[in-house]
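Chemist: Sequence below, structure please.
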Amino acid sequence: MTGEEVKEPKEQQEVTEAKEPEICYKAIVLSGVGGYDKVKVEVKKGVPALKSDEILVRVQACGLNFSDLLVRQGAFGKHHSLGTECAGVIEAIGDLVIDRKVGDKIIMMNIDGGLWTELVVTTVNCTYLMPDGMSFQEAAAISVNYAAAYMMIYDYANLRPNQSILIHMAAGGVGIAATQLCKLVHDVTIFGTASPSKHETIKENGVAYPIDYTTLDYAEEVRKISPKGVDIVLDPLGGADDSKGFGLLKSLGKLVLYGSANQVTAPKRSSLAAAKVWWHKFNIDALQLINSNKAVCGFHLGRTDPDHVAEVIRKLISLYKEGKIKPKVDSVWSFEQVGDAMKHMQEHKNIGKIILVPEVKTTDATTGN
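Modeler: Prediction:
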């Protein structure tokens with residue numbers, strides 16, 4: 001024998017470690033500006049990175065707003081994202097987060113967008129705890145529409161008992177919210193424009209005088225009932241309707257402008273519609289305002305102090321818990337149906353809020369409790 005040590009052969013076992021499947025999640029993205037085909041669903045891989053002061057949320061429901069149609073059409077430029085509100089469940093928290101925990105059900109709002117996704121990272125100050133009894137669909141419907149309506153009615157227009165108000169698009173998300181909030185003030189007379197098929201619903205919501213704007217002149221219809229006009233007009237239309245609204249105001253009345261829906265007349269941005277709105281744009285100088293004894297206000301939720309917005313949303317959650325307001329959900333669409341959902345809104349078919357969910361479930365799995 002040699003001095004070399006002879007090693008006995010050993011059996012080698014091949015150990016195969018089972019790899020965990022990579023986490024994937026869906027997100028709605030804008031591939032460009034234009035029609036419904038520019039909105040796509042992408043599958044993203046991996047969990048979004050989480051900083052120490054952030055939380056990871058599994059989104060259950062998202063709200064569709066009229067501003068999303070304008071973003072798709074490029075009205076706000078190329079750097080805006082879709083989706084400003086959603087609701088979901090916290091899946092992870094950063095090391096420095098102390099006032100939220102995994103499993104909390106939350107309302108989330110971010111005016112900069114980016115919330116139409118199954119998984120989203122955000123900071124705590126963009127979230128609010130859902131109250132008991134609120135569904136994810138309701139939670140996705142309360143922040144943008146109700147906050148905008150609340151601030152226009154109470155912060156700007158200062159609605160008081162025995163006053164009157166004209167709410168355009170009274171069957172839409174903001175219209176439903178504004179009507180419910182007006183009903184919190186004693187003896188307010190509410191006029192609301194909507195197509196005839198929606199009149200019964202808006203009457204049940206609190207509109208005293210529904211007006212068919214499709215066949216009638218709403219200004220004439222208001223004056224038949226209130227010859228002196230109204231105290232407040234909420235106007236999301238733009239163009240010639242701004243002047244009509246101003247003309248409908250009583251002395252000390254307030255016109256609140258918060259949109260330009262008249263520009264959205266086709267899937268793609270219409271230069272003709274935009275030019276028409278511009279041509280009929282409302283112009284008034286300081287002396288005319290003084291002599292008319294009226295006020296004109298412009299409202300943009302995204303230009304409002306975030307601390308004030310947060311305060312308003314907390315008030316709205318309290319009103320919900322008291323049973324004084326309740327979001328009305330029109331319909332629920334999957335992420336893949338986002339184009340159809342947008343078309344449904346653009347053709348003014350909705351009564352209340354349009355909701356997007358990652359996947360439409362056959363059972364009611366959208367309840368927050």
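Chemist: Where do the helices of this structure begin and end?
Modeler: Using DSSP state H, the helices of the chain run over residues 66-72, 136-150, 173-182, 199-205, 218-225, 240-247, 271-279, 286-292, 306-321, 338-346.
Chemist: can I get those in CSV with mean neighbour count, distance to residue 300 and mean pLDDT?
Modeler: Using the backbone N, CA and C atoms, a C-beta is placed for each residue, glycine as well. CSV is the format used below for the helices of the chain (neighbours: other Cβ atoms under 10 Å; distance: least, Cβ to Cβ, whole Å; pLDDT from 0 to 100):
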stretch, mean neighbour count, distance to residue 300, mean pLDDT
helix 66-72, 22, 10, 92
helix 136-150, 26, 9, 98
helix 173-182, 26, 13, 98
helix 199-205, 18, 25, 97
helix 218-225, 15, 24, 97
helix 240-247, 20, 15, 93
helix 271-279, 14, 17, 58
helix 286-292, 10, 20, 93
helix 306-321, 16, 11, 98
helix 338-346, 19, 20, 96
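Chemist: Which one of those helices lies nearest to residue 22?
Modeler: Among the helices of the chain, the nearest to residue 22 by Cβ to Cβ is helix 338-346 (24.6 Å).
Chemist: How far away from the center of its chain is that closest one?
Modeler: 14 Å (Cα atoms, centre = their mean, to the nearest Å).
Chemist: where does residue 349 fall, phi/psi-wise?
Modeler: phi -90, psi -10 (degrees, to the nearest 10).
Chemist: Tell me how far it lies from residue 340.
Modeler: Separation of residue 349 from residue 340 (Cβ to Cβ, to the nearest Å) stands at 11 Å.
Chemist: ok, now residue 109?
Modeler: From residue 109 to residue 340 the distance is 24 Å (Cβ to Cβ).
Chemist: and what of residue 169?
Modeler: 20 Å.
Chemist: Does residue 110 touch residue 122 like I think?
Modeler: Yes - counting by Cβ atoms under 8 Å, residue 122 is a contact partner of residue 110 at 6.7 Å.
Chemist: Lowest-scoring secondary structure element of the protein by mean pLDDT?
Modeler: helix 271-279 (a mean of 58; mean pLDDT, DSSP states H and E).
Chemist: Can you name the residues bridging to the closest residue to residue 340 other than its chain neighbours?
Modeler: Distances taken as Cβ to Cβ, 6 or more residues apart in numbering place residue 333 nearest to residue 340, at 6.5 Å, with adjacent residues excluded. In this entry, residue 333 is beta-bridged to residue 356, by DSSP bridges.
Chemist: wait, residue 333 sits on residue 357?
Modeler: Yes - with contact defined as Cβ under 8 Å, residue 333 counts as touching residue 357 (7.4 Å).
Chemist: Kindly export the longest strand along the chain (C-alpha atoms) in CSV.
Modeler: When the chain is parsed with DSSP state E, its longest strand is strand 54-64. Output of strand 54-64 as CSV, limited to C-alpha atoms (Å, rounded to 0.1, in the frame of the first residue of the first chain):
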residue,chain,number,x,y,z
GLU,A,54,-43.8,53.7,4.3
ILE,A,55,-46.5,51.0,4.2
LEU,A,56,-47.3,48.4,1.6
VAL,A,57,-51.0,48.1,0.7
ARG,A,58,-52.9,45.3,-1.1
VAL,A,59,-55.5,47.3,-3.0
GLN,A,60,-59.1,45.9,-3.1
ALA,A,61,-61.0,48.7,-4.9
CYS,A,62,-60.2,51.9,-6.8
GLY,A,63,-62.3,54.9,-7.7
LEU,A,64,-62.7,56.3,-11.2
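Chemist: Now do it: which elements does it pack against?
Modeler: strand 85-93, strand 119-123, helix 136-150, helix 338-346, strand 353-357 (3 or more Cβ pairs under 8 Å, 6 or more residues apart in numbering; DSSP states H and E).
Chemist: Residue 257: which of these is closest?
Modeler: Nearest of the helices and strands packed on strand 54-64 (Cβ to Cβ): helix 136-150, 12.2 Å.
Chemist: Distance from that closest one to the middle of the chain?
Modeler: On the basis of Cα atoms, centre = their mean, the separation between the geometric centre of helix 136-150 and that of its chain is 6 Å.
Chemist: And it, what does it pack against?
Modeler: strand 54-64, strand 85-93, strand 105-109, helix 173-182, helix 306-321, strand 329-334, strand 353-357.
Chemist: about what we covered before: count residues in the vicinity of the residue nearest to residue 340, would you?
Modeler: Residues within reach of residue 333, counting by other Cβ atoms under 10 Å, total 20.
Chemist: got a list of what it touches?
Modeler: The contact partners of residue 333, by Cβ atoms under 8 Å, 6 or more residues apart in numbering, come to 340-341, 344, 354-357, 360.
Chemist: Tell me the spacing between it and residue 349.
Modeler: Residue 333 is 12 Å from residue 349, by Cβ to Cβ.
Chemist: now do residue 188
Modeler: Applying Cβ to Cβ to residue 188 and residue 349 gives a distance of 28 Å.
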